[in-house]
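> no FASTA, just this:
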């Protein structure tokens, strides 16, 4: 088995049969098997219930008996710019699992251009929270929490540039839960689209 990537997730729901873990789509995309290491170092196999690129949300399930607690959800509209926030994750992999970084909420309702391919043009815009809490590779999918430890977002990206420091982003938790509820039931999210054909006349 080859370890292709690592990321972070958090348990947001337990229905007695399964515990549901939220993470980013780009963390589990292309994975044939997914293993979850819980905070007590227990390793369990997980199944991808659903995953979607545009929302960058994935839902994993593990047996309910494997977990003993669920993260407390809040909403991002209750937190104000300047409020203290915490990011929890596994920067650079499992050896730094459970790393907590502190910052502030730097902005709300930011629209960030996203490209799903390697070209320079963007495919769509994502509405995100902005924070200066340190976010590193491996933090993706982890919770962004308010001062009470309640989840207000799911960290998913940052600006990477030699001239930029401390600009990270998180999907608002209410948006993430909306997408996750669809992924739980359908496994994917259907989106409408329209096309434009160009003709030189």
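Thanks, I have the structure now. Keep in mind the model is a prediction, meaning the values are calculated, not measured.
> next up, the contacts around residue 86.
By CB atoms under 8 Å, 6 or more residues apart in numbering, the residues touching residue 86 are 100, 101, 102, 103, 133, 144, 145, 146, 147, 149. Bear in mind the C-beta positions are built from the backbone N, C-alpha and C, glycine included.
> could you confirm residue 121 falls within a strand?
No: Residue 121 is assigned coil when assessed by DSSP: H, G, I helix; E, B strand; the rest coil, not a strand.
> who does residue 21 bridge with?
Beta-bridge pairing of residue 21 under DSSP bridges involves residue 11, residue 60.
> could you report the pLDDT at it?
The model reports residue 21 with a pLDDT of 97.
> ditto for residue 117
77.
> which residues touch the helix ranked longest in the chain?
Using DSSP state H, we find that the single longest helix of the chain is helix 173-186. Residues outside helix 173-186 that contact it (CB under 8 Å, 6+ apart) are 12, 20, 22, 49-52, 55, 57-59, 73-77, 127, 151-154, 189.
> those, buried ones only, as a ChimeraX selection?
Those of these that count as buried under 16 or more other CB atoms under 10 Å are selected in ChimeraX with:
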select :12,20,22,49,50,51,52,55,57,58,59,73,74,76,151,152,153,154,189
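> low-confidence ranges, this structure, go.
The model of the chain has pLDDT under 70 over residues 1-3.
> could I get the buried residue list for the strand or helix carrying residue 101?
Element membership for residue 101 (DSSP states H and E) is strand 99-114. Using 16+ other CB under 10 Å as the test for burial, strand 99-114 gives 99, 101, 103, 104, 105, 106, 112, 114.
> what about the nearest residue to the third one once chain neighbours are set aside, how many neighbours?
I take that to be residue 103. Closest residue in space to residue 103, ignoring its immediate chain neighbours: residue 133 at 3.1 Å, by CB to CB, 6 or more residues apart in numbering. Residues within reach of residue 133, counting by other CB atoms under 10 Å, total 25.
> just to check, residue 133 is in contact with residue 101?
Yes: in this structure, residue 133 is within contact of residue 101 by CB atoms under 8 Å, at 4.7 Å.
> give me the common contacts of these two.
86, 87.
> one step back: by contact count, what packs against the strand holding residue 101?
Other helices and strands packing on strand 99-114, by 3 or more CB pairs under 8 Å, 6 or more residues apart in numbering; DSSP states H and E, are strand 84-89, strand 124-131, strand 168-172.
> out of these, deepest packed?
strand 168-172 (a mean of 25; mean count of other CB atoms under 10 Å).
> okay, the angle between it and helix 173-186?
60 degrees (axes from the mean of the first three to the mean of the last three CA atoms, to 10 degrees).
> distance of the residue sitting nearest the centre point of the chain from residue 82?
Centroid check for the chain by CA atoms, centre = their mean gives residue 141 as the closest residue, at 3.1 Å. Applying CB to CB, to the nearest Å, the value for residue 141 to residue 82 is 25 Å.
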